[in-house]
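> sequence below, structure please.
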Amino acid sequence: MSAPRREVASTPGRTVPAGDHAPQTAPAASHPLLETRGLTQRFGGLTAVADLNLRVQAGELVALIGPNGAGKTTVFNLITGVYKATAGEIRFDSVSIGGMEPSRIHGLGIARTFQNIRLFADLSVLDNVRIAHHARTGYGLADALLLTPRLRREERRVMEETLALLRTLGLDELAGEKARHLPYGQQRRLEIARALASRPRLLLLDEPAAGMNPHEIGDLMEFIARIRTEFGLTILLIEHQMKLVMGICERITVLDFGATIAEGTPEAVRADRRVLAAYLGEPDEGAVSGAAAGGGDGSTDDPGDPHGRRHDPTDAGSAS
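Numbering: from 1, shown residues only. Have a look, this model is predicted:
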């Protein structure tokens, strides 16, 4: 059985071949696939997201970046219905999804991964992906109790589609392995496979390169470019690894303390002094030159992060 594919009719040819990381320019569309208008989220006296206006066209690969505590993961939680926005609107394919339950938003075609890997560690690779397919099964409780032909038919379909997806993503030889026994990079790939099982139109990747070494990051860049092509995906990602962001993303939005401070192409964002100031403090020429050659350490996008670590967007090597 061939791997599941989804065509993006509104953006013919809008793909990046696997292994080709050069940013592309997306054509204009009649309306964005994802749009936020004045999106605001407050937690008591803390404003985590302030008046965010974000537009992502069908077929684009867009990054949302910023220092720790900038509000990036909060944006993902708002889009997927984990949080209900304090103010503003979220529209997916022109439909307002603010206030919808996460399951309903998922059913519309939005899937995500998380900063911290959330797999069923003691289940096999195969079963981790099969579980995700069951969101689209066409049988109910009565079918399960009576073992009806419809149940058997749907179970065969789920198995066939799961095996096809694992083959497409290069995980088929690991189908019987427990998730906990996989190398870290393969666990990340499995988490993305599970998200793809729901056949999303929009895939949200929350720090997919977290904890990876440079070789794994290079493989991940090719992997993201390939699944975008093969599954006709629109991708919005959060990432601290600037090698990945600058290498495969067409546009970047930068947040700082919940507010948008810059947006544009990777080249424009890399040179924006507001971005440099957000990551480094008010920079002088020596600080910028020195930081561009430096590294970074691991982090989370938590407004309450006690470490207060910030990372240099000019560093294309390690900025997590």
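> lowest confidence element among the helices and strands of this structure?
Least confident helix or strand of the chain, by mean pLDDT, DSSP states H and E, is helix 285-292 with a mean of 40.
> in the stretch 101-250 of the chain, which spans are strands?
110-112, 202-206, 234-238 (DSSP state E, counting those that start in this stretch).
> now distance to residue 173, mean neighbour count and mean pLDDT too, for the ones you listed, in CSV please.
The C-beta positions use only the backbone N, C-alpha and C, and glycine is treated the same way. Output for the strands of the stretch 101-250 of the chain, formatted as CSV (distance: least, CB to CB, whole Å; neighbours: other CB atoms under 10 Å; pLDDT from 0 to 100):
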stretch, distance to residue 173, mean neighbour count, mean pLDDT
strand 110-112, 24, 23, 96
strand 202-206, 24, 23, 97
strand 234-238, 26, 24, 98
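> ok, now how distant is residue 281 from residue 271?
Distance of residue 281 to residue 271, computed by CB to CB, to the nearest Å: 17 Å.
> next one: residue 245
Here the criterion is CB to CB. By it, residue 245 lies 14 Å from residue 271.
> now residue 180
43 Å.
> these two: who's more crowded?
residue 271 (14 against 11; other CB atoms under 10 Å).
> do you know the pLDDT at residue 305?
Per-residue confidence (pLDDT) for residue 305: 40.
> I'd say residue 66 and residue 278 touch.
Yes. With contacts counted by CB atoms under 8 Å, residue 66 reaches residue 278, the gap being 7.0 Å.
> so for these two, which residue has more residues nearby?
Set residue 66 next to residue 278 and count neighbours by other CB under 10 Å: residue 66 wins out with 29 against 22.
> residues contacting that one?
72, 254-256, 261, 278, 301 (CB atoms under 8 Å, 6 or more residues apart in numbering).
> need the per-residue pLDDT for it.
So, for residue 66, pLDDT stands at 94.
> equivalent analysis for residue 24, please.
Residue-level pLDDT assigned to residue 24 equals 43.
> and what of residue 192?
Value for residue 192, per-residue pLDDT: 96.
> coming back round to it: which neighbours do residue 66 and residue 278 share?
Shared contacts of residue 66 and residue 278 (CB under 8 Å, 6+ apart): 254, 256, 261.
> perfect, that will be all.
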